[in-house]
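A.B. asks: need coordinates for the below:
(2 chains)
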There are 2 protein chains.
Amino acid sequence: MANETTVLTADELLKNWQGHRRLTRKTIEAFPEDKLFGFSLGGMRTFAEMASEFLHMAIPIVDGVATGKWEEFKAEKPTTKAEILKMWDQQTAELDEKFPKIPPHRFLEVDKAFGQWENTNIATIQYAIDNEIHHRGQGYVYLRALGIEPPPFWER
Amino acid sequence: MANETTVLTADELLKNWQGHRRLTRKTIEAFPEDKLFGFSLGGMRTFAEMASEFLHMAIPIVDGVATGKWEEFKAEKPTTKAEILKMWDQQTAELDEKFPKIPPHRFLEVDKAFGQWENTNIATIQYAIDNEIHHRGQGYVYLRALGIEPPPFWER
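C.D. replies: Below is the predicted model of the structure:
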């Protein structure tokens, strides 16, 4: 038995993603600056490094899906919380501008993202969102271990 | 500018969810039994408690969305890794059976899930998946802190 019901449109996916990105922004904000760049558990990356990874994925992926040109994110590596948040807010605006312009046929096309990861474009976008949820959850453990209450997961 | 392109069907959502559930199953398996039930960081729950939460959400939510009847999961709390995995596999089969039978019109209807959380049914399903990704990411930190390599995130 198949169920081909549409459960998500491009507009709704963007809305979900921006909701997650708002929560990730609050998570970045919750870290004291020195811990954002200096604290981790189990030999893992700092949350600043994870946040930088999110910035390397979001807009470059949307650009790749929209245009078929997969280019690495070229910005300087942020070294302060304020720089991360500024880049975050720039990408928020860019996402709202660029995502709705993705040509409909592009979502199901298969690209080799950044010359490496071959998948449908929608799967690549979904991977970026899932990756952000996954690592943000890890940031929550860092915050708890630091005695800091993370932002409520259900608030977006 | 709106983009009403379908990016996800019910079938694909089920496929994504089961992919995440396979990864979560591997994460449960990666824990030594005593650590699954006894280890945590930052005063958080054990991964066994998180896995139990996933079991309390998946099938009860699909049943609620399918029928409009929102009933708590009533099984005994699992006390061994084997019990958790057995319940997990039962739900995997149930999900494959029940999810495709959700009446198409139910996805966009608004229910008060379990008498408490009012949202569209598709948002409630997505919440369950996001919640699983979020807490599984936390399980990865527990594993790393225990010196155990977690399963690769990109393998489903």
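
A.B. asks: in the longest helix along chain A, what's buried?
C.D. replies: Looking across chain A with DSSP state H, the single longest helix is helix A:121-145. Judged by neighbour count using 16 or more other CB atoms under 10 Å in any protein chain shown, the buried positions of helix A:121-145 are A:121-145. Where C-beta positions appear, they are placed from N, C-alpha and C, glycine not excepted.

A.B. asks: from those residues, list the ones also adjacent to chain B.
C.D. replies: A:122, A:126-127, A:130-131, A:133-138, A:140-145 (CB under 8 Å from any CB of the partner chain).

A.B. asks: mind listing what's buried along stretch A:92-109?
C.D. replies: By 16+ other CB under 10 Å, the buried positions in stretch A:92-109 come out as A:92, A:95, A:98-99, A:102, A:106-107.

A.B. asks: show me where chain A has helices.
C.D. replies: Using DSSP H, helices in chain A cover A:10-30, A:33-38, A:47-67, A:81-98, A:121-145.

A.B. asks: turn those into TSV, including mean pLDDT.
C.D. replies: Formatted as TSV, the entries for these read as follows, by pLDDT from 0 to 100:
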stretch	mean pLDDT
helix A:10-30	98
helix A:33-38	98
helix A:47-67	98
helix A:81-98	98
helix A:121-145	98
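
A.B. asks: so which of the ones you listed is nearest B:Gly19?
C.D. replies: With distances scored as CB to CB, the stretch of those nearest to B:Gly19 is helix A:121-145 (9.8 Å).

A.B. asks: what's the closest one packed up against?
C.D. replies: When contacts are defined as 3 or more CB pairs under 8 Å, 6 or more residues apart in numbering or on different chains; DSSP states H and E, helix A:121-145 packs onto helix A:10-30, helix A:47-67, strand A:110-113, strand A:117-120, helix B:121-145.

A.B. asks: residues in contact with the closest residue to A:Leu14 other than its chain neighbours?
C.D. replies: With sequence-adjacent residues excluded and distances taken as CB to CB, 6 or more residues apart in numbering or on different chains, A:Leu14 is closest to A:Phe99, at 4.6 Å. When contacts are counted by CB atoms under 8 Å, 6 or more residues apart in numbering or on different chains, A:Phe99 is found next to A:10, A:14, A:17, A:62, B:3.

A.B. asks: scan those residues and report the most crowded one.
C.D. replies: Of all the contacts of A:Phe99, A:Val62 has the most neighbours under the rule other CB atoms under 10 Å in any protein chain shown, reaching 24 neighbours.

A.B. asks: from the buried residues of stretch A:92-109, which single one is nearest chain B?
C.D. replies: Using CB to the nearest CB, A:Phe107 is the member of the buried residues of stretch A:92-109 that sits closest to chain B, with 5.2 Å.

A.B. asks: what's the closest non-adjacent residue to that closest one?
C.D. replies: Leaving aside its chain neighbours, A:Phe107 sits nearest to A:Ile122 (4.4 Å; criterion: CB to CB, 6+ apart).

A.B. asks: could you give the angle of the longest helix of chain A to helix B:121-145?
C.D. replies: With axes from the mean of the first three to the mean of the last three CA atoms, to 10 degrees as the criterion, the two stretches helix A:121-145 and helix B:121-145 enclose an angle of 60 degrees.

A.B. asks: got the buried residues of stretch A:92-109 as CSV, with distance to A:Pro152 columns?
C.D. replies: As requested, these are arranged in CSV below (distance: CB to CB, whole Å):
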residue, distance to A:Pro152
A:Thr92, 20
A:Leu95, 23
A:Lys98, 29
A:Phe99, 26
A:Ile102, 31
A:Arg106, 35
A:Phe107, 31
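
A.B. asks: ok, A:Thr150 to B:Arg25 distance?
C.D. replies: Not Thr; residue A:150 is Pro. Look at A:Pro150 and B:Arg25: by CB to CB, to the nearest Å, they are 26 Å apart.

A.B. asks: and for A:Ile125?
C.D. replies: Applying CB to CB, the value for A:Ile125 to B:Arg25 is 25 Å.

A.B. asks: again with A:Ile59
C.D. replies: When CB to CB is the yardstick, A:Ile59 and B:Arg25 sit 33 Å from each other.

A.B. asks: over to A:Glu149?
C.D. replies: Here the distance between A:Glu149 and B:Arg25 works out to 30 Å (CB to CB).

A.B. asks: residues touching A:Leu13, list them.
C.D. replies: For A:Leu13, the contact set (CB under 8 Å, 6+ apart) comprises A:125, B:7-8.

A.B. asks: how does it look with 10 Å?
C.D. replies: Residues near A:Leu13 by CB atoms under 10 Å, 6 or more residues apart in numbering or on different chains: A:99, A:107, A:122, A:125-126, A:129, B:3, B:5, B:7-8.

A.B. asks: ok, of these, which one's closest to A:Thr80?
C.D. replies: A:Ile129 (25.9 Å).

A.B. asks: quick check, that closest one in contact with A:Leu23.
C.D. replies: No: at 11.6 Å, A:Ile129 and A:Leu23 do not qualify as touching, with contact defined as CB atoms under 10 Å.
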